[in-house]
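Asker: Okay, sequence plus prediction incoming.
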Amino acid sequence: MSAVNVRNDVGEAHGLLRAEDLEANRDIGVNDVQPFGSGTDGYGGEDIENTAVVAYLPTMIQRVSIIAGWMTLAFIVFVTLSPIDARPVLAPPQVERFAAFALLGLAFILAYPARWQLVVVLVLGSAVGLEMLQLLTQDRHARVLDALVKATGGICGISAGQLILFLLRTSTSRAR
């Protein structure tokens, strides 16, 4: 019974080892092969195109953005409606409001790019609705300026997300 070198078997099966390495019976496995980038000269002299990664990128961004968007909204609801003493302070209040809603808008537009109208309604509705819900708490106050800062941050985040989606579409179409 002979020992099987799994690393070489995998390397041979996927064509990652050179023929001269195999003929010389060198102990080189998949983990020993140096990676090469898109458009570089491969082992057989052919150009290597990495379109699978480019095609996968929008799907990965969308999945991560769905989770990030809903977690951001939950955090914003907690921070907005919790007692003022429980609220974390990272920057001046207006900067925090703008940044939080910019992140919310960015995450939701990347998560749901085909439903941009719904994203706008959700982000702006959250800004105004959460500000109005502060009237129900004893130690918080609702201000029109705060709602405007939140809405402006949300619109800026949505706009940045639309720009990212546009750039992703153009880079994906070039890769094909």
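Answerer: Cool, the structure landed.

Asker: quick one: average pLDDT of stretch 73-89?
Answerer: The average pLDDT within stretch 73-89 is 89.

Asker: for it, which positions count as buried?
Answerer: 73, 76, 80 (16 or more other Cβ atoms under 10 Å). To be clear about C-beta, it is placed using only N, CA and C from the backbone, and glycine gets the same treatment.

Asker: Distance check, the second one against residue 169.
Answerer: Which is residue 76. Relative to residue 169, residue 76 is positioned 29 Å away (criterion: Cβ to Cβ, to the nearest Å).

Asker: okay but residue 87 is in contact with residue 79, surely?
Answerer: Yes - taking Cβ atoms under 8 Å as the definition, residue 87 is a contact partner of residue 79 at 5.4 Å.

Asker: For the chain, which residues score under the pLDDT cut-off?
Answerer: Applying pLDDT under 70 to the chain picks out residues 1-57, 172-176.

Asker: repeat that with 80
Answerer: Within the chain, the segments meeting pLDDT under 80 span 1-58, 171-176.

Asker: In it, mark out all the helices, start to finish.
Answerer: Assigned by DSSP state H, the helices in the chain fall at 6-13, 19-23, 51-81, 93-111, 116-133, 144-175.

Asker: which strands and helices sit next to the fifth one?
Answerer: Contact here means 3 or more Cβ pairs under 8 Å, 6 or more residues apart in numbering; DSSP states H and E; on that basis helix 116-133 packs against helix 51-81, helix 93-111, helix 144-175.

Asker: so of the ones you listed, which one's packed in deepest?
Answerer: helix 93-111 (a mean of 22; mean count of other Cβ atoms under 10 Å).
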